[in-house]
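Visitor: structure here, sequence nowhere to be found:
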């Protein structure tokens, strides 16, 4: 069995209008939401074998903050340009190249692609993954190359506002 976590980056800042989209940082809410979501995953005893992030500053910072809470080394985060504003085919391509020994993978990316991909691989109908929202999908196969042909099962869909009163 394989497990996939899909995470939309945390809330980003629009304070500097001249910044390129890739250079936008997290705002204060984003900086606080990401560790909360990481602690929530840790409290569920979740772990990951591989973390892949979009190169956008807001996505990578979200990946680092959540990785810290899960005990995943930030230096091991893979940055992949293909998942910056990715579509379904881009996510599939990235995952098909992953090693099968990496049984649990977490991807950090952007909307609308990440919501579309979550629905595609799970057969779900999530309307929108909000900022720092996380979807967990389990697959009955053991080879990432099957990601295009076989659907997984949505285990849960969580987001920061669900935990505004604590974990």
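Guide: Great, that's in hand. As the structure is a prediction and not an experimental result, all values here were calculated from the model. Residues are numbered from 1 along each chain as shown.
Visitor: what's the single longest helix in this structure?
Guide: Ranked by residue count, the top helix of the chain under DSSP state H comes out as helix 28-43.
Visitor: pull the residues that contact it.
Guide: 5, 7, 9-13, 26, 58, 61-62, 65-71, 131-132, 134, 158-160, 163, 167 (C-beta atoms under 8 Å, 6 or more residues apart in numbering). For the C-beta atoms, the positions are set from N, CA and C on the backbone; glycine is no exception.
Visitor: and for the protein, the residue most distant from the center?
Guide: Largest separation from the mean C-alpha position in the chain: residue 18, at 26.6 Å (C-alpha atoms, centre = their mean).
Visitor: pretty sure it sits in a helix.
Guide: No: assigned with DSSP: H, G, I helix; E, B strand; the rest coil, residue 18 falls outside any helix and is coil.
Visitor: show me where this structure has helices.
Guide: 28-43, 57-70, 88-96, 113-122.
Visitor: residue ranges with poor pLDDT in this protein?
Guide: Regions of the chain meeting the criterion pLDDT under 70 cover residues 165-167.
Visitor: hmm, back to that, can you select the buried ones from the contacts of helix 28-43 in ChimeraX?
Guide: Buried residues among the contacts of helix 28-43 (16 or more other C-beta atoms under 10 Å), as a ChimeraX selection:
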select :5,7,9,10,11,12,13,26,58,61,62,65,66,67,68,69,70,131,132,134,158,159,160
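Visitor: tally of neighbours for residue 123?
Guide: Number of residues near residue 123 (other C-beta atoms under 10 Å) recorded here: 11.
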